[in-house]
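> What follows is a predicted structure for the sequence shown.
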Amino acid sequence: MLDLVFLIPLLPLAGFAILVLFGRKLGNPLAGWLASTMVLASFGIAIAVFTGLFQRQPDNRSYTQHFFEWLNVGHLHIGVGALVDPLSMTMVAFITGVSALIHFYSIGYMEHDKDFTKFFVYLNLFVFSMLMLVLGDNLLVTFFGWEGVGVCSYFLISFWFERPSAASAGKKAMIYNRIGDGGFLLAIFLVYSRVGSLSYTYIFSHLNRISPTDMTAVGLLLFLAAAGKSAQTPLFPWLADAMEGPTPVSALIHAATMVTAGVYLMCRINPILHLTPDAAHVVAWVGAATAFLGATSACAQQDIKKILAYSTVSQLGFMFMAVGVGAYVAAIFLMLTHAFYKALLFLGAGSVIHAMDDEQDVKKMGGLAKVMPITAVTFAVAWLSIAGVPPFSGFWSKGDVLQNSWALSPGLWAIGAFSALLTAYYMGREFSLVFLGESRWKGQNTTAKSHELHPHDPRFVMKFPLVVLAFAAAFAGFLNLPFHPDFVFLEKWLNPVVGASLLNHNFSIGAEWAFALVDAAIAIVGASVAWSLWKSRSDRENLEPGLLQKAWGLDNAIDRLFAKTSERLAVLLAGSVDLKVIDGAVNLIGKLTVSSGKIFRKVQTGYVRMYALFFTAASIAVLAYLMTRVAS
Amino acid sequence: MNSFPYLTVLLLIPIGAAAALLFVPGKYKKLIHIVSVVTSVAVFGFSALILDEFKSGVAGYQMTTVHSWFGSLGIQYSLGIDGISLFLVLMTTLLFPIALAGANEKKNTKSFVIWTLLLEAACLGSFLATDLLLFFIFFEATLVPVYFLIVQFGYERRGYAAVKFFVYTFLGSAFLLVGILALAFIHQSQTHVLTFNVTQLANTHLDSMAEVLLFLAFTAAFAVKAPIFPFHSWSPDAYSESPTSGSILLAGVMAKLGSYGVIRFDLGLFPHAVVMLAPLFLTLGAIGIIYGGIVAAKQKNLKRLVAYSSLAHLGFIIMGAFALSNESVSGAVLQMLNHGIYTAALFLLIAMIYRRRGTHLLSGMSGMQKSAPILAAVFILMVMASIGVPGLNGFVGEFLILAGTFITHRWWAVVGVLGVVVAAVYLLWAYQQVFHGPEKGDHIESEPKDLTMKEGMVLAPLVILVILLGVYPKPFLDRITPSVDKLITHVEQKSHVNLPIPAQPTALSVKAFPLVSIGQRVQSITELSGPRPSLLSTGINNSGGDTKSCRNYMWSPPAHQVSLPSISCQVGIS
């Protein structure tokens, strides 16, 4: 069954190709159903391959399928192939599953959009790229997917391109990502020059060819790439702007899948990080900083999606914290559960935005639980999951991360625990403002549209994914339960890939219980404080400081530091240097020639026959000279 | 040996058609235009035959033709094609029909078509000539048609642009002619044979000073033509004032005459000087990449923007050529083809935008994606190809160039990677200004909104190639690499410098720590602790065999080299 793996990326690619060629004929909604079916079929194949892999012995769970040779130049031999192992198949399974659900949801969400077909063109291309990213058997195929998802993200953020803010946000995302991509490229070059190959299995079996300094460089360069893609400090401002895209895009790309690619990459290169503790510690502390900055920023946002965006930044920070301390299983565990509850939160937010006629300000909502019960209940499940209230999934996965971070440094744990408290709080704030209290939208037309609002739960094709994801968000924690060695399914499953580099730190049973109780207390306290503060009030300006609204001013600082400086440099180079100095010198020589005599003035009039004459005359003179020389 | 003179026939088709068209009265515009398109398509078809005939895996010249021309002067009519020129020839034969078919010159069609066909012959001749003087004649002969194309069919400042272009490049060529003659005379003084044959001249013994001077004389012409920073200032004017076909041919084909000259003649004839001056030219390439990108970001005219972006891309090609690794030079050769494809497509698309909006100014357009979604889609595809997104052609070349440069000259590659980031900034900014945002209604009513069938047909081959070359570059590179490998070996042998290579995946055992240092330059090895590889001290590859591993990047002529007779440079011979 493993040899079916080529179909997993091929099906979405086929969907993309069909939609590019015949999408307009298929139209709305057939194009959407085709795209969704392709991804669903891909999910089916993924389950089959997953099962095939599961049936093998744990030490034999690695299978490479070679597609074709990409190039052979000099000493560089690169092929395109898929590496099937527990890590890649875990990624593939949840990517195709969540993608399929979001595809179906989009059929409803985008039904009135004039570019309905184009939306699914991009969506299918995105899924294909994402699958290549995680399945690639060498760094270059991963990089191909890496850039592919970046490009799709660009297309989809600026999907409503007529809005200048959307167009700028797309470009911004692409440029931030490109900075990271530069790091990825340099890492590829460094690995190639030392190891002579880009294939993962080859690199990991020849790590002794890389000196410690270079190893740290590779680790940090790849982390730069991951930081760009996964919105880590200081490269996260693009993710908040990325909310300009349609909400299913935010759910799929900017919450569940693409932004976790950085975490995947870090887990994939775990043998390298294992050998360079310095780089790993940088990852852990940057992750902690991001968790804190994201969580604090999320507390002060008013836009329903921006709260979720900063929440994603913060949660990704938790994942990198886990990676940095060597708790790769915890990172993947959190990634999985996060994919479920964050996708659910975004889709719920999408339903709300739909129902509110494109209103995104939570201060203008309220009381929606009564009119949108399904959305409210599923949203509440997601809230309790992300807050870490037991027994929802977030409790188990975040607890796993926090406990492991203690092993490296209690300080790291403290930052994480505080961010977790804020997580429970800001999500509680969002839930209360949107769904509880008095409605603040009745009687007023929220947008320019004239009809009155009648918010209600969405149609089935959108409701169904909410329910499925709510179940996943509630119960995904059972993938990796700490009570007994037999229950850590995920850890045992991933062991062949990350086992050798895994953090080995055994806590006593008492310590584990203590961590669990503290985690639960944090979640419950955060959630109840938010509930009591925000359930019936929407104006507490003292709790929303301006600095946090602007996400610590990082965006402005980067803008001032780099964008303005390079703008000035560009003006200088394009204006003064190029036109006046370089071209000026050329023109000066021309002018000197002109003013130096009437003969040259004639040259400048531009009769080409003059040049031809000069050229011929000169050539004849030279040839004549030659002939005399040769003859003599 | 092929008996059929493929290459001569290839040259004769456009010349013959141009000659025949001289006798057709100028009023039959449609007929003349169709004949020219058919001719150039026939040339392309014939070049496809050459591609079919071309033997993959052979390093040297194929389908050679040699005829004595001016016997006593040693000038030969000799043509040949190898992996370095093969795809440049094919690119030329592809871009000319596209330029002709995409052109919209209503007045004086006859003169336009004849000059274009003559230009095609001259460009093909330059890529095929294996005699230096023959090359020079073709190289110079490209100037006249282009001059007339700009002057007769260009935009407002065409006179200024044409003169600047002509004088600037002509000046560069003067150095080239002097260099060619001097090299031939030195060769004659050593062997008593006066020849301009490239292969024979490559064996000339030159002392350091003479080699550097000759190298600079040759490179003056190529640096202007490419252009290499800071000799580029004619190109934004020439590109932007040219008619569309002129821009396509200048940037797509003629720029490659410069970079082709560098790879074919600089590397082939002056390896010693190339190695010595490589840091200088790598730096100029790197400056071109960054500088071109930054200046492009501030351009208000789309054609000037593409001109500066070309400067950046040529910077990559120059960097790859002077980095002197198999990867980077192969990448540079491939990138010449890639750049020709997407730059031609961009100029075509800009012409299509001009047709609809009547301007090249970025400020005059906005939101075009709404009324012309297909045009926008092709444009963004070309933008993505040009900023090097994997899966499209631009990435393959850039990746090979940078990977190869990283091996031999690490820090220049780092600057090159910065250029990759900059490229995204200016091209996406340009795309946003033209296609995104609310639509401004300056659409010219009589013109179609989105791409027409004919425009689509002109663009289709380029779109296909952009994707094909990106997804499956292997068949292209398989034909390029043997010739490049041969060239690199030649450079190593003649310059007595062993160029660094990466660690070898297969030939070496795995356990020993010294292998860490394989492929490193001396500086970085000294940073390492641990046992030093003893291989390092020898400095050259005198062991042979499959472990070609000692890669010391130092200037140390081996002992046996010192005993060679030293040859003095005599430019004037008595």
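Here it is on my side, so go on.

> give the contact list for residue A:343.
Contacts for residue A:343 (CB atoms under 8 Å, 6 or more residues apart in numbering or on different chains) come out as A:98, A:101, A:102, A:251, A:252, A:255, A:256, A:469. (C-beta placed from N, C-alpha, C; glycine too.)

> dump the residue contacts of the closest residue to the second one other than its chain neighbours.
Closest residue in space to residue A:101, ignoring its immediate chain neighbours: residue A:465 at 3.9 Å, by CB to CB, 6 or more residues apart in numbering or on different chains. By CB under 8 Å, 6+ apart, residue A:465 lies in contact with A:101, A:102, A:104, A:105, A:347.

> run the last query once more with 6 Å
Counting by CB atoms under 6 Å, 6 or more residues apart in numbering or on different chains, residue A:465 makes contact with A:101, A:104, A:105.

> in what helix or strand does the first one lie?
Taking DSSP states H and E as the definition, one finds residue A:101 inside helix A:86-109.

> Measure how far stretch B:490-509 is from the centre of its chain, please.
Centroid separation for stretch B:490-509 versus its chain: 25 Å, with CA atoms, centre = their mean, to the nearest Å.

> ok, and does that stretch reach over to chain A?
Yes: if you take CB under 6 Å from any CB of the partner chain as the test, stretch B:490-509 does meet chain A, through B:501, B:502, B:503, B:504, B:505.

> possible to save these as JSON lines with pLDDT and secondary structure?
JSON lines is the format used below for the residues of stretch B:490-509 next to chain A (pLDDT from 0 to 100; DSSP: H, G, I helix; E, B strand; the rest coil):
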{"residue": "B:501", "pLDDT": "81", "secondary structure": "coil"}
{"residue": "B:502", "pLDDT": "82", "secondary structure": "coil"}
{"residue": "B:503", "pLDDT": "76", "secondary structure": "coil"}
{"residue": "B:504", "pLDDT": "71", "secondary structure": "coil"}
{"residue": "B:505", "pLDDT": "62", "secondary structure": "coil"}
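
> and which of the residues you listed is nearest to residue A:505?
Comparing the residues of stretch B:490-509 next to chain A against residue A:505 with CB to CB places residue B:503 closest, at 35.4 Å.

> Can you list phi and psi of the closest one for me?
For residue B:503, the backbone dihedrals (degrees, to the nearest 10) come out as phi -60, psi 150.

> Please report phi then psi for the residue lying closest to it once chain neighbours are set aside.
Ranked by CB to CB, 6+ apart and with sequence neighbours excluded, the top spatial neighbour of residue B:503 is residue A:196, at 3.8 Å. Backbone torsions of residue A:196, given as degrees, to the nearest 10, read phi 90, psi 10.

> State the number of residues packed around residue A:196.
25 (other CB atoms under 10 Å in any protein chain shown).

> how close does the residue lying closest to residue B:393 once chain neighbours are set aside sit to chain A?
Take residue B:393 and drop its neighbours on the chain: the residue closest to it by CB to CB, 6+ apart is residue B:469, 3.6 Å away. According to CB to the nearest CB, to the nearest Å, residue B:469 stands 11 Å off from chain A.

> now swap in residue B:324 and tell me
For residue B:324, the distance to chain A (CB to the nearest CB) stands at 11 Å.

> my guess is that residue meets residue B:498, correct?
No: look at residue B:324 against residue B:498 with CB atoms under 6 Å: they stay out of range, at 10.8 Å.

> Can you name the residues that contact the residue in the stretch 1-150 of chain A positioned nearest to chain B?
Nearest residue of the stretch 1-150 of chain A to chain B, counting by CB to the nearest CB: residue A:74, 3.0 Å away. Contact partners of residue A:74, counting by CB under 6 Å, 6+ apart, are B:326, B:327.

> So what's the model's average confidence on the helix or strand containing the residue nearest to residue B:393?
Using DSSP H and E, residue B:469 sits in helix B:453-471. Averaging pLDDT along helix B:453-471 gives 94.

> Then stretch A:204-212?
Averaged across stretch A:204-212, pLDDT comes to 92.

> in it, what's buried?
Across stretch A:204-212, burial judged by 16 or more other CB atoms under 10 Å in any protein chain shown covers A:206, A:207, A:209, A:210, A:211.

> Reformat the residues you listed as CSV; add distance to chain B.
Listed next are the buried residues of stretch A:204-212 as CSV, based on distance: CB to the nearest CB, whole Å:
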residue, distance to chain B
A:206, 6
A:207, 10
A:209, 5
A:210, 7
A:211, 5
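
> Pull out the CA atoms of stretch B:379-397 and give them to me as PDB.
In PDB, the C-alpha atoms belonging to stretch B:379-397 read as follows (Å, rounded to 0.1, in the frame of the first residue of the first chain):
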ATOM      1  CA  PHE B 379       2.400  38.100 -15.800                       C
ATOM      2  CA  ILE B 380       2.500  36.800 -12.300                       C
ATOM      3  CA  LEU B 381       3.800  33.400 -13.600                       C
ATOM      4  CA  MET B 382       6.700  35.300 -15.300                       C
ATOM      5  CA  VAL B 383       7.300  37.400 -12.200                       C
ATOM      6  CA  MET B 384       7.500  34.200 -10.100                       C
ATOM      7  CA  ALA B 385       9.800  32.600 -12.600                       C
ATOM      8  CA  SER B 386      12.000  35.700 -12.500                       C
ATOM      9  CA  ILE B 387      12.200  35.900  -8.700                       C
ATOM     10  CA  GLY B 388      13.200  32.300  -8.700                       C
ATOM     11  CA  VAL B 389      10.300  30.300  -7.300                       C
ATOM     12  CA  PRO B 390      11.100  26.600  -7.400                       C
ATOM     13  CA  GLY B 391       9.100  24.700 -10.000                       C
ATOM     14  CA  LEU B 392       9.700  27.500 -12.500                       C
ATOM     15  CA  ASN B 393      12.800  27.900 -14.700                       C
ATOM     16  CA  GLY B 394      14.400  30.900 -13.000                       C
ATOM     17  CA  PHE B 395      15.000  28.900  -9.800                       C
ATOM     18  CA  VAL B 396      17.100  26.100 -11.400                       C
ATOM     19  CA  GLY B 397      19.700  28.500 -12.800                       C
END
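
> Thanks a lot, catch you later.
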